[in-house]
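[1] Prediction below, plus the sequence it came from.
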Amino acid sequence: MHNVDVNAAIDQSRFGGFQWGVVAICGLLLVADGYDVFIAGSVLPTLIEEWGLTKPQAGALQAWALFGMLFGALIFGSLADRFGRRTGVLISFVLFTTATFFTGFANDPTQFKIARFLAGMGCGGLMPNAVALVSEYSPRRLRGTMVALMFSGYSVGGMVSAGLGVWMIPTMGWKPMFWIAALPLLFLPLIWWKLPESLGFLIKHGDQERARAILGKLTGGAALTPQQTLVYSDSKGAKASLPELFRHGRALHTLMLWTAFFCCLLLVFLLSSWLPKVMQEAGYAERAALLTLFSLNSGGMVGAIAGGWLGDRFGLPRVVVAFFVAATASIALIGFNLPVAALFTLVFIAGATVIGTQILLYASVAQLYDLSVRSTGLGWASGVGRIGAIVGPTLGGVLLARELPLQQNFLIFAIPALVATIATLVYALSMHGAARAQPAAVAAARS
């Protein structure tokens, strides 16, 4: 009897139709997720006018979905390590689509808050589990690219939200924007049928039969003998717990990635919630202001795919640092009186290096932790990021209520990008130092 290392088999396999199916399904789920998230910025100006909200009240209203994302990321990330990634994805998907649909029936801010909190829980739970699944089924040489390709669905959802908002809100109002979110539920039977469970989870729980069937699809139907036992070398058997994220020399790496997550999601939700409103107050028409949200998400899609491709070739830490440097510069420059073409270009770059970098951070976390705590690590990193997401719209509302000059607002908005640059630079240097120290330690042990 001998063992078959599933992790090594995936790394050596050709990226085939089965794996493309996993990427495609998770990507489509993130289209729905991104649509839900970016509805906020599309409908916010209308809600302010219809319900007579102040800007701080509007920012707090948006924060309820983000509170839900915080709890969803923490709860569903940990539960998936115990009950399966597929289960976590399905529950999260049904929760956020259903809750978003019922948001369209809200008649006052209180009803809106409750529905958005529940929708946020589903969105927060979906992301870490989808990233974990795609990461596991992708060979290491393509992992960053495949995760980024999947994540581009998130930006596509944001583009759909902005595009529909330009046409639908002026003619039909804001409520149908939420009702449309129920349409992806039509694909639930297909997702249930086609989305596989995590191989590592099946092996960890002794389900060798299902694991063999999936591995056969990954390896082109290669037969396994009854004497062969599947194992997953990427797992050290550790319990899925918060303290485990700080062991094995990972404390500094964990803290720096959490800092970057906090700042990055603060910027994502600050810009997605307030950019159209800021542009309207700067003198742009409603349609043009909503198109800045489209430009932001277009950049996010390009940045995610390009960042994943670059990360697989030059290393994720270097690319993440470079993207945050570009984000700092582009956001700071948006507030200057620039021609329209230059403005939309800067918004595009900001989207590429903020929304796009979000998925590079998820990929970094997926690479940092072992299988047994990967969803927990992704869930906690995402949860810390959701705290930043809560701060973002709230901070935006407070700042805009003070009626500071546009240039000064965007210079303040650029500060989190600068902090994230410093955190990821520390992370990159630490990872580089650890990589150099490992061969020396191995050589010393052998001698």
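    That came through, no problem.

[2] Poorly predicted segments of the stretch 301-447 of the chain, please.
    Counting by pLDDT under 70, the stretch 301-447 of the chain has low-confidence residues at 371-372, 375, 433-447.

[3] ranges for the strands of it?
    In the stretch 301-447 of the chain, no strands are defined using DSSP state E, counting those that start in this stretch.

[4] residue boundaries of the helices in it?
    Ranges of helices in the stretch 301-447 of the chain, per DSSP state H, counting those that start in this stretch, are 316-334, 340-368, 371-401, 406-446.

[5] Quick one: mean pLDDT for stretch 127-146?
    Taken as a whole, stretch 127-146 carries a mean pLDDT of 82.

[6] Please identify which helix or strand holds residue 3.
    For residue 3, the host element (DSSP states H and E) is strand 2-5.

[7] Which helix or strand lies directly C-terminal to the host helix or strand of residue 149?
    Assigned by DSSP H and E, residue 149 belongs to helix 143-172. The first helix or strand that comes after helix 143-172 along the chain, using DSSP H and E, is helix 175-179.

[8] contacting residues around the helix or strand following that next one?
    Downstream of helix 175-179, the next assigned helix or strand under DSSP H and E is helix 188-194. Helix 188-194 has contacts (CB atoms under 8 Å, 6 or more residues apart in numbering) with 21, 25, 29, 89-90, 93-94. For every residue, glycine as well, the C-beta is placed using N, CA and C.

[9] try 6 Å
    Here helix 188-194 makes contact (CB atoms under 6 Å, 6 or more residues apart in numbering) with residue 25.

[10] Buried residues, it. List them.
    Within helix 188-194, the residues that count as buried by 16 or more other CB atoms under 10 Å are residue 191.

[11] Rounded mean pLDDT for it, please.
    For helix 188-194, the mean pLDDT works out to 90.

[12] In CSV, could you pull the C-alpha coordinates for that helix?
    Output in CSV follows, covering the C-alpha atoms of helix 188-194 (Å, rounded to 0.1, in the frame of the first residue of the first chain):
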residue,chain,number,x,y,z
LEU,A,188,-28.9,26.8,-8.2
PRO,A,189,-29.6,23.2,-9.5
LEU,A,190,-26.7,23.5,-11.9
ILE,A,191,-24.4,24.7,-9.2
TRP,A,192,-25.5,22.0,-6.8
TRP,A,193,-24.9,19.4,-9.5
LYS,A,194,-21.6,20.6,-10.9
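
[13] Residue numbering should commence at 50 henceforth.
    Shifting the count to begin at 50 puts that one at helix 237-243.

[14] Can you give the distance of it from its chain's centre?
    With CA atoms, centre = their mean, to the nearest Å as the basis, helix 237-243 stands 22 Å off its chain's centre.

[15] now the angle between helix 192-221 and whichever helix or strand residue 77 is part of, please.
    Per DSSP H and E, residue 77 falls inside helix 66-100. Between helix 66-100 and helix 192-221, the angle comes out at 30 degrees (axes from the mean of the first three to the mean of the last three CA atoms, to 10 degrees).

[16] Average the pLDDT values over helix 66-100 and round to the nearest integer.
    87.

[17] Distance from the strand holding residue 52 to the middle of the chain?
    34 Å.

[18] Report the mean confidence score over the very next helix or strand once past that strand.
    Heading C-terminal from strand 51-54, the first helix or strand you meet, by DSSP H and E, is helix 55-61. Mean pLDDT, computed over helix 55-61, is 74.

[19] Helix, strand or coil: sort out residue 298 for me.
    coil (DSSP: H, G, I helix; E, B strand; the rest coil).

[20] For it, give its distance to residue 95.
    Applying CB to CB, to the nearest Å, the value for residue 298 to residue 95 is 50 Å.

[21] who's more crowded, those two?
    residue 95 (17 against 10; other CB atoms under 10 Å).

[22] Now that one: closest residue in space, sequence neighbours ignored.
    Leaving aside its chain neighbours, residue 95 sits nearest to residue 223 (4.8 Å; criterion: CB to CB, 6 or more residues apart in numbering).

[23] distance of the one you found from residue 347?
    23 Å.

[24] next one: residue 261
    Going from residue 261 to residue 347 by CB to CB gives 43 Å.

[25] and what of residue 414?
    Residue 414 is 26 Å from residue 347, by CB to CB.

[26] quick one: which of the two has more around it?
    residue 414 (27 against 22).

[27] That one contacts residue 429, correct?
    No. Here residue 414 lies out of contact with residue 429, judged by CB atoms under 6 Å, at a distance of 8.9 Å.

[28] between the helices of the stretch 350-496 of the chain, which one is nearest to residue 320?
    With CB to CB as the criterion, residue 320 lies closest to helix 389-417 of the helices of the stretch 350-496 of the chain, at 6.8 Å.

[29] could you say what helices and strands the closest one packs with?
    Packed against helix 389-417 by the contact rule (3 or more CB pairs under 6 Å, 6 or more residues apart in numbering; DSSP states H and E) you find helix 158-186, helix 192-221, helix 300-330, helix 335-363, helix 365-383, helix 420-450.

[30] So which of the helices of the stretch 350-496 of the chain is nearest residue 232?
    helix 389-417 (23.2 Å).

[31] Figure out how far the closest one is from the centre of its chain.
    Distance, centroid of helix 389-417 to centroid of chain: 11 Å (CA atoms, centre = their mean).

[32] What residues sit buried inside it?
    Here helix 389-417 shows 392-417 as buried, counting by 16+ other CB under 10 Å.

[33] same deal with stretch 461-469?
    Quick answer for stretch 461-469 (16+ other CB under 10 Å): 461-463, 465-469.

[34] what do you get for stretch 310-323?
    310-323.

[35] Out of the helices of the stretch 350-496 of the chain, flag the one nearest residue 213.
    Nearest of the helices of the stretch 350-496 of the chain to residue 213, taken as CB to CB: helix 389-417 at 18.0 Å.

[36] Tell me which of the helices and strands packed on helix 389-417 sits nearest to residue 475.
    helix 300-330 (5.2 Å).

[37] and that closest one, what does it pack onto?
    Looks like helix 300-330 contacts helix 66-100, helix 335-363, helix 389-417, helix 420-450, helix 455-495 (3+ CB pairs under 6 Å, 6+ apart).

[38] now for those, which one comes closest to residue 119?
    Taking the helices and strands packed on helix 300-330 one by one with CB to CB, helix 420-450 is closest: 3.7 Å.
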